[in-house]
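Peer 1: Coordinates only, no sequence provided:
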């Protein structure tokens, strides 16, 4: 038996010889410089591989002979030698050469940062919670080089677009993997897509439902961002988009008073930070004639209001002030004052947060329990987000060589989110288009007042007569969307270290959530083709995740460190989604499915996915300045069935501390490291995509709503129009990265730079195939995308005095993406958008091109100005029939500067963040220009313009011609345009408006903002001594997005119509962003 | 120490057991999709194919054909330019994809499955429906993929077959369909899932004959056509969408109100001039929208109507100089009045405007029949075929010298199938029977 074990282990340990000896038990304690117990220190008997590791309190027990030499080492500490003695206490000294910098890496394993051959950034709790942002994910924005986070809007529960180092997929996930305490969690978002999409459309136009919201930021101890496969290859098919590792707070042994209680709370107020500018001079109507709400007129090209009066009539239901008449009208009574619909609609949204935590511990056990409560009201009335969280962390140490623990997180998140986008019930669509002569609120302050949006007979009161565009008050009261999620995630783990150089860890984790959503549509909305609708969706998700790890750290000698990790991961995931729709409400305003005449129900999704992986890592350190690491992972995943095959991912990395190696560190130059890595990671094909199946379908022709399943009592199913096949490979990313970490002036100036080049191959594409073959798309591996970029982080400590300290963290990143290949014969792939205004991918261009209508240009790039004197558009630019590339929607670079000043108990922090480059399509302004509501249309009676360009037109053959003096058509463009045209209704409703052209409405998306500002004060501890039980009191003020500089002429340009999806850069009546003011308070007992 | 070693061994054994159970843990069934069907069961496939065909035939196809035959005008959005024949390739993607992918492909898959299972009646029905769909495609696009079509990943770029050859094959296909319906069905048989005829095999056979009659009319084979009409026996092949579903033109008028207009079209002007009261049930003059007969959620979509067959009969008789032609014409017009107005009041006046006299030359007799057929076949795609076959009504092009004679090959097909014929316009080459 023993021989067999030895043989097995010998293989595992690559032939290292093992020694087992008889001896006595030595107990001792390891202390750090502050005299506190130091966990994780390695105590070895010199010249053997016998040893142990100190526990959380620094205690250790080792069987050896008294007086034998012990080598004691710990990360960031100077290694010392002591002779073994029972009851020994060893004080460790910090190794100033290597700053003590222990970071969390893949699989939750803590490593000394100096040994890492890849980029990694840590963000501590204080920095995450600096702005009291209740969303743990968006709270990272601007704090990590290379991490792009775009809040879809400022409304409660809004989704976020999260990206590390560029997008590298077309049809699969592009978000980084979020891992909490070693176990991945879902950060899916149910807000996606263009609401014009057919399936489940009425749930899709909601800005909200982001599962990253379930994390309470106050429970986070630290976030470690692993930016690319170099760091994440060991996650294999989960690692391609980078990994964000969240470590929650653990309990600690209490002080003399034992249990530690901490309360923190904040009150913040959200306000709209920016809205599109509207004209304030012209009424509803056309061609200068006023046409009131009763006419249903959509546009605001009516009469100028400076000479208009209300007649005071009480029988005009659209306005309490009566009809609008000219001043010469004998009924004219009160001077007309324009209504400010937008100003009146949005409210101050208050958010209240409370967090309470209790922690304590003994030598053998620690715990932390936390309760979190968030109650947010949106800037849009009747919208809210409420979240209650419970966190529990327990660690116990039943025996010297056994650690066990559990992390349990529970969240209940519910919200009422708002409609947005191209949706007749969208808030901004109805609100921004409202003319200045119509008061959506009907003079009422209460946003719930029915008299604002309903006439006495129950029909809708809106500026277009009776609906068409829903009155925003109708939407917030009658077209409500509510959802509620119950979620539990966490893990139990045990680490057993039978031998000093061998430990086994098993961690079993899970993430479960169930979401119930309900979308109501009132009987008056024409967003839907029926008389009222209730749409309900039930989602359930869960996974079980088990890691089994064997850690082997054989001792060779002082110069060479070796470590091996062998592991096995078991993963099983289930997802179900059920949708029920009830149409035609019997009783008005009773929003329950029992009130629907026609109920239909569908299983949208029912999927299972399992994966088994074996993985390993080997690391070798030489003289503590040269390190090599390698990882490998072999995976078997069920989504390949019936063509089941394994996949392998690997990484190689190296770190070289040249400052130590060459002994060149001094006061000016403290530390220098060079690192490089090459790695592969991937993404498996989605479940259920190897076989073409027959699915429930609706019958429609592209013009109408069509008919859903069932029809005439018969179930309707068709073969999927996408053809699937079972010859699939993973999307595979290979990344090379190289970087350096330098520290100067006694570590007061630090620089961390990375260059990476990453290529993802075999991206899944729905390749178009001829309809006559039976399907329209073939789902297959086809595309290749390249991303390369730079990341730079500077840490500067200009002032380090006893009472006063100033820290600056600067980060900068730029990513250049390029689509190398889409599929044979495929030039472009559309990500999303509206007909004629889309976000596409093109070969040889960056990821995400806004593709829309532009001006006609001649071969030299001159804009062609209409030269047909009989045309109403004479002298105006011609609009091209075909869509063109109007710019990349991805930023050129991102940056952040975080300043933290501390003076005694006062701490001041402010974070500036910027995004530079990239375009955004301001579809909102385009539409508002067409409708005569945009600010630019205020000059309609006086503005003229001579458009730059050459006279000409597009001939019948598609070529550019101009007319000569005799009126003959001559090939090519003609003279320089000198004709002045009026910028009036004719212009704005044609080539000057957003329904005809996109080009002038594609804007620079750059911005700079004061993302976070916080000022806090800690009461001096001497004041608190008197109280005996209060340990700390902190209070402060804070703000988010207080300042915003941008040229964008719309809402906050940090916006996304599609939430967390890939088609960024679309703004079509997106809900606005917010700025936030608040106070916070913290009390520690 | 020994103790620890034993534990190490146990841990390693546990690990190897985990590895060993991998096969069961990763079983193939996990990748199945319980929300979808893995085989094309005709009970769910047939109703969808019928509803889809009816929705395209009575929707997209009807609108384009009605625009070309000047039963409607462009009122808004792209319809204004379509009215002036500014059709581009992409305008035909919808109808092509809708008929190939959602109708023909699914009929093909269902047919294969029914053949394998020996559901002979279902198989016969898929053959007849697919023949109707192919014939409709040929009538609009001329050469199309047929022999190599619908083979999925096995053949992603099917060739385009000669249109007249396809017509020949379709006659064979229809004969096969009829023969299958004559067989004794031992497997499952259609019933309520057959949204056209409720599983009545005789009706299906009659429908097959009516399709053949229409095709023979196109190819000017009037003797055969007459024989087929006799066997069709005046079958009404129509689909009625019942609540909460609704018909395609009703939905279009509702969802796309204003995109197409009805007043001022050729048919509107003609019928109002002669005082034919049916026009006021076709068109709602208050809103310039669909009138009462069509603006109904349950508006029927006729694939081939009894009335159309009666008109075919009248035309055949007229062409033969048969004295019973006038009576056939009169009963065809009466069928139209009954359907549109509910009675035949005013019918005589309408007939008198285009009188049918046995003594008149053929062209006048033909005109009398075809003008009445044109009035009666409001919003039915066959009017476009009639116009091309007979030259009636005598339309003036809304733009340029001539009225379109065919559809363009759609963008998607062109971009993905190199076999797509090039050089096709709205006028040339004409559909093979159009000469």
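Peer 2: Sure, I can see it. What you see is a predicted model, and the numbers here were worked out from it, not measured in a lab.

Peer 1: only C-alpha atoms for contact and neighbour calcs from this point on.
Peer 2: Will do.

Peer 1: Can you name the residue of the stretch 951-1085 of chain A nearest to chain B?
Peer 2: residue A:995 (10.8 Å; C-alpha to the nearest C-alpha).

Peer 1: Next up, the contacts around residue 347.
Peer 2: All of this is about chain A. Counting by C-alpha atoms under 8 Å, 6 or more residues apart in numbering or on different chains, residue A:347 touches A:271, A:378-381.

Peer 1: That was the other one, I meant chain B.
Peer 2: Contacts of residue B:347 (C-alpha under 8 Å, 6+ apart): B:276, B:333-334, B:337.

Peer 1: follow-up on the earlier one: out of the contacts of residue A:347, grab the one that's most surrounded.
Peer 2: residue A:378 (28 neighbours; other C-alpha atoms under 10 Å in any protein chain shown).

Peer 1: Find the nearest non-adjacent residue to that residue, please.
Peer 2: Of all residues not flanking residue A:378 in the chain, residue A:349 sits nearest, at 4.6 Å (C-alpha to C-alpha, 6 or more residues apart in numbering or on different chains).

Peer 1: got it, and residue A:513?
Peer 2: Per C-alpha to C-alpha, 6+ apart, closest to residue A:513 is residue A:487, 4.1 Å.

Peer 1: my guess is the one you found meets residue A:511, correct?
Peer 2: Yes: in this structure, residue A:487 is within contact of residue A:511 by C-alpha atoms under 8 Å, at 7.5 Å.

Peer 1: Check whether the residue of the stretch 1-150 of chain B found nearest chain A sits in a helix, strand or coil.
Peer 2: Of all residues in the stretch 1-150 of chain B, the one sitting closest to chain A is residue B:150 (4.2 Å; C-alpha to the nearest C-alpha). At residue B:150, secondary structure determined by DSSP: H, G, I helix; E, B strand; the rest coil is coil.

Peer 1: That one: what's it in contact with?
Peer 2: So residue B:150 contacts A:772-775, B:100, B:104-105, B:108 (C-alpha under 8 Å, 6+ apart).

Peer 1: again, only using 10 Å
Peer 2: By C-alpha atoms under 10 Å, 6 or more residues apart in numbering or on different chains, the contact list for residue B:150 reads A:770-775, B:100-101, B:104-109, B:156-158.

Peer 1: so how far is stretch A:857-875 from its chain's centroid?
Peer 2: The chain centre lies 44 Å from the centre of stretch A:857-875; the measure is C-alpha atoms, centre = their mean, to the nearest Å.

Peer 1: Can you point out the buried residues in it?
Peer 2: By neighbour count on 16 or more other C-alpha atoms under 10 Å in any protein chain shown, the buried set for stretch A:857-875 is A:857-858, A:862-868, A:873-875.

Peer 1: buried sites along the helix or strand residue B:313 falls within?
Peer 2: Following DSSP states H and E, one finds residue B:313 within helix B:306-320. Of the residues in helix B:306-320, B:306-318 count as buried by neighbour count, 16+ other C-alpha under 10 Å.

Peer 1: Name the spans of the stretch 251-400 of chain A whose pLDDT lies under the cut-off.
Peer 2: For the stretch 251-400 of chain A, the stretches flagged by pLDDT under 70 are A:254-257.

Peer 1: those strands in it, which residues are they?
Peer 2: Assignment of strands within the stretch 251-400 of chain A using DSSP state E, counting those that start in this stretch yields the ranges A:260-272, A:285-286, A:289-290, A:308-310, A:324-326, A:334-335, A:349-361, A:365-377, A:384-399.

Peer 1: Give the full set of residues in contact with the most centrally placed residue in chain B.
Peer 2: Central residue of chain B (C-alpha atoms, centre = their mean): residue B:57, 3.6 Å from the mean position. By C-alpha under 10 Å, 6+ apart, the residues touching residue B:57 are B:51, B:63, B:95, B:98-99, B:133, B:136, B:248, B:301-303, B:380-381.

Peer 1: for the helix or strand just after the helix holding residue B:313, packing partners?
Peer 2: Using DSSP H and E, the helix or strand that follows helix B:306-320 towards the C-terminus is helix B:325-340. Packing partners of helix B:325-340 (3 or more C-alpha pairs under 10 Å, 6 or more residues apart in numbering or on different chains; DSSP states H and E): helix B:279-282, helix B:306-320, helix B:347-353, helix B:362-376.

Peer 1: any idea how far helix B:325-340 is from the chain center?
Peer 2: Taking mean C-alpha positions (C-alpha atoms, centre = their mean), helix B:325-340 and its chain are 24 Å apart.

Peer 1: Now do it against helix B:362-376, angle only.
Peer 2: Between helix B:325-340 and helix B:362-376, the angle comes out at 10 degrees (axes from the mean of the first three to the mean of the last three C-alpha atoms, to 10 degrees).

Peer 1: circling back: pLDDT score for the residue of the stretch 951-1085 of chain A closest to chain B?
Peer 2: Here, the pLDDT recorded for residue A:995 equals 87.

Peer 1: try residue A:519
Peer 2: Residue A:519 carries a pLDDT score of 88 in this model.

Peer 1: Counting neighbours, what do you get for it?
Peer 2: Neighbour tally, residue A:519, other C-alpha under 10 Å: 23.

Peer 1: do residue A:449 as well
Peer 2: 15.

Peer 1: Where does pLDDT dip in the stretch 101-250 of chain B?
Peer 2: For the stretch 101-250 of chain B (pLDDT under 70), the answer is none.

Peer 1: So residue B:66: helix, strand or coil?
Peer 2: helix.

Peer 1: wait, what's in contact with it?
Peer 2: B:60, B:72-73, B:265, B:267, B:378-384.

Peer 1: does any bit of the host helix or strand of residue A:598 sit next to chain B?
Peer 2: Residue A:598 belongs to strand A:596-622 when assigned by DSSP H and E. Yes: judged by C-alpha under 10 Å from any C-alpha of the partner chain, strand A:596-622 comes into contact with chain B through A:597-599, A:602-614.

Peer 1: neighbouring strands for that strand, and are they parallel or not?
Peer 2: Strand A:596-622 pairs in its sheet with strand A:560-585 (antiparallel), strand A:626-637 (antiparallel), by DSSP bridges.

Peer 1: So residue A:590 versus chain B, what's the distance?
Peer 2: Residue A:590 sits 20 Å away from chain B, going by C-alpha to the nearest C-alpha, to the nearest Å.

Peer 1: can you list the weak-confidence ranges in chain A?
Peer 2: For chain A (pLDDT under 70), the answer is A:1-23, A:49, A:75-76, A:95-100, A:190-208, A:254-257, A:424.

Peer 1: quick one, what contacts the closest residue to residue A:708 other than its chain neighbours?
Peer 2: Distances taken as C-alpha to C-alpha, 6+ apart put residue A:698 closest to residue A:708, at 4.2 Å, once the chain neighbours are dropped. Counting by C-alpha under 10 Å, 6+ apart, residue A:698 touches A:198-199, A:705-711, A:716-718, B:48, B:51-52.

Peer 1: ok, of those, which one's closest to residue A:1016?
Peer 2: residue A:199 (49.0 Å; C-alpha to C-alpha).

Peer 1: re earlier: which one (most neighbours) among the residues of strand A:596-622 next to chain B?
Peer 2: Busiest of the residues of strand A:596-622 next to chain B [other C-alpha under 10 Å] is residue A:613, holding 24 neighbours.

Peer 1: so who does it touch?
Peer 2: A:234-237, A:547, A:567-571, A:633-637, A:646-648, B:19, B:22 are the contacts of residue A:613 under C-alpha under 10 Å, 6+ apart.

Peer 1: Most remote residue from the middle of chain A, which is it?
Peer 2: Most peripheral residue of chain A (C-alpha atoms, centre = their mean): residue A:966, 61.0 Å.

Peer 1: Ramachandran angles for that residue?
Peer 2: phi -90, psi 0 (degrees, to the nearest 10).
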